[in-house]
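Student: here is a sequence together with a model predicted from it:
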Amino acid sequence: MIKQLLITIIVGVLMGLIGGIFEIPLWIILSITGLIMISISILPTIITIYLTKDMEQVKKFLKNSKNPIYYFFHALLNDLELEAEEAITKIEKKYKNSKWPSLYKIYYAYNKRDFLTIENLLSNIRHESIKKYYESLLAIEHNQIEKAQEMVKELSKPWMKEVVLSELSRKRGNTIESVKHIDNAIESTKGLQRLSLIKYKEQNF
């Protein structure tokens, strides 16, 4: 917080000097300063959640976050069931008119291999790629192997395809091939998704 305040002051002073030297209108200076400050405030989160391969950085961020969504993942990835359920309750309260709570309930259900809950909630998911991903996993669970194989082609993200291929290989009893696919999934990701897949591998292999 103090660091961000100091950066804000420095940026404000610099932009004021630049505006004075080049006679730039005040509204332009304020707009640029605002954009810079927004970027500075959200950039660390974007890097941590989406771009880094430093898993300790991601773990620390999740643990210390006040955002119930990020704390949910901290609880989920550390097998803290009560905390994960409490975080879902907070997410429901924060996003009352949204379908987002269903998504985190599905994450939680899949972590517990609770496929019935996933089936019941999947119709609430609007994001088509996520929906197809879980439909593929459900097909495998129901021994609909050919259907799952066809659905892999429709998945948009490489890590999703690799996870489904890993589950297909595991269903066939081919552990070596299954581990290979999950390793491919991990290597294709960064940030929170990478950490989630590393935990997935630890739990299942």
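Tutor: Looks like it came in fine. Numbering: from 1, shown residues only.
Student: what is the strand or helix carrying Met151 packed up against?
Tutor: When elements are assigned from DSSP states H and E, Met151 belongs to helix 145-152. Secondary-structure packing of helix 145-152 (3 or more Cβ pairs under 8 Å, 6 or more residues apart in numbering; DSSP states H and E): helix 128-141, helix 158-171. For the C-beta atoms, the positions are set from N, CA and C on the backbone; glycine is no exception.
Student: most packed of the ones you listed?
Tutor: helix 158-171 (a mean of 20; mean count of other Cβ atoms under 10 Å).
Student: could the helices and strands packed on helix 145-152 be laid out in JSON lines, adding mean pLDDT?
Tutor: Listed next are the helices and strands packed on helix 145-152 as JSON lines, based on pLDDT from 0 to 100:
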{"stretch": "helix 128-141", "mean pLDDT": "95"}
{"stretch": "helix 158-171", "mean pLDDT": "96"}
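Student: which residues touch the helix holding Met151?
Tutor: In this structure, residues lying in contact with helix 145-152 by Cβ atoms under 8 Å, 6 or more residues apart in numbering are Lys132, Glu135, Ser136, Leu137, Ala139, Ile140, Lys161, Val164, Leu165, Glu167, Leu168, Lys171.
Student: how much space between the second one and Phe115?
Tutor: Remark: distance between Glu135 and Phe115 (Cβ to Cβ, to the nearest Å) = 11 Å.
Student: and the fifth one, by the same measure?
Tutor: The span separating Ala139 from Phe115 equals 11 Å under the rule Cβ to Cβ.
Student: what of Ile69?
Tutor: 23 Å.
Student: for Lys105, same thing?
Tutor: Lys105 is 13 Å from Phe115, by Cβ to Cβ.
Student: lowest-pLDDT helix or strand in this protein?
Tutor: The least trusted helix or strand in the chain, going by mean pLDDT, DSSP states H and E, turns out to be helix 2-22, with a mean of 58.
Student: just give me the closest of the contacts of helix 145-152 to Arg194.
Tutor: Lys161 (15.8 Å; Cβ to Cβ).
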